[in-house]
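S.K.: What shape does this take:
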Amino acid sequence: MRLAVVSSDGVNVDLHLGKGKNICVYDYEEDLTFVESRSVEIAEDSKHQGSKVLKACEDCDVLIAVEYGFKSKIKAEDMGIKLVKDEGPVDEVLKRYIDHYNFMKN
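M.R.: Just a heads-up that it's a prediction; the model follows:
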């Protein structure tokens, strides 16, 4: 499973999806592995830029951000990406999601 988080600094999940200039991508099988950081061209003064972030994450299964809009949710579903709302340190956010995923799987 490929997971992505929206982060301003690579340390914290702390941005709305549409403000996601920086995306940290991880792979999870039995262990979590950092894959890469991705940059997205986001205009500071514009709204509704979630589609840019989704396009940058089209190879991901899950995308975690503090918040996202209704249109982004629909577009993500159409792309096969699960959007998740959470915030905090990246490692804690990923652990919470993986623990939940493993619990639901069993």
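S.K.: Let me see the contact set for D61.
M.R.: D61 is in contact with 1-3, 80-82, counting by Cβ atoms under 8 Å, 6 or more residues apart in numbering. No exception for glycine: its C-beta is placed from N, CA and C like everyone else's.
S.K.: Can you list which of those are found in strands?
M.R.: Counted as lying in strands by DSSP state E, out of the contacts of D61, are 2-3, 82.
S.K.: returning to that earlier point: can you tell me which two in the contacts of D61 are farthest apart?
M.R.: Greatest spatial distance in the contacts of D61: L3 and G80, 13.8 Å, computed using Cβ to Cβ.
S.K.: Settle this for me: I98 is touching E29, isn't it.
M.R.: No: at 10.8 Å, I98 does not count as touching E29 under the criterion of Cβ atoms under 8 Å.
S.K.: which other residues reach the helix or strand S72 falls within?
M.R.: Per DSSP states H and E: S72 is located in helix 70-79. Helix 70-79 is contacted from outside by 17-18, 48, 50-51, 53-54, 58, 63, 68, 82-83, using Cβ under 8 Å, 6+ apart.
S.K.: part of a helix, is S46?
M.R.: No: assessed by DSSP: H, G, I helix; E, B strand; the rest coil, S46 does not belong to a helix; its assignment is coil.
S.K.: so how far is the longest helix along the chain from its chain's centroid?
M.R.: For the chain, the helix with the greatest residue count under DSSP state H is helix 90-105. Relative to the chain's own centre, helix 90-105 is displaced by 13 Å; criterion: Cα atoms, centre = their mean, to the nearest Å.
S.K.: try stretch 58-67
M.R.: In this view, stretch 58-67 has its centroid 3 Å away from the chain centroid, taken as Cα atoms, centre = their mean.
S.K.: If we go by neighbour counts, what in that stretch is buried?
M.R.: 60, 62-66 (16 or more other Cβ atoms under 10 Å).
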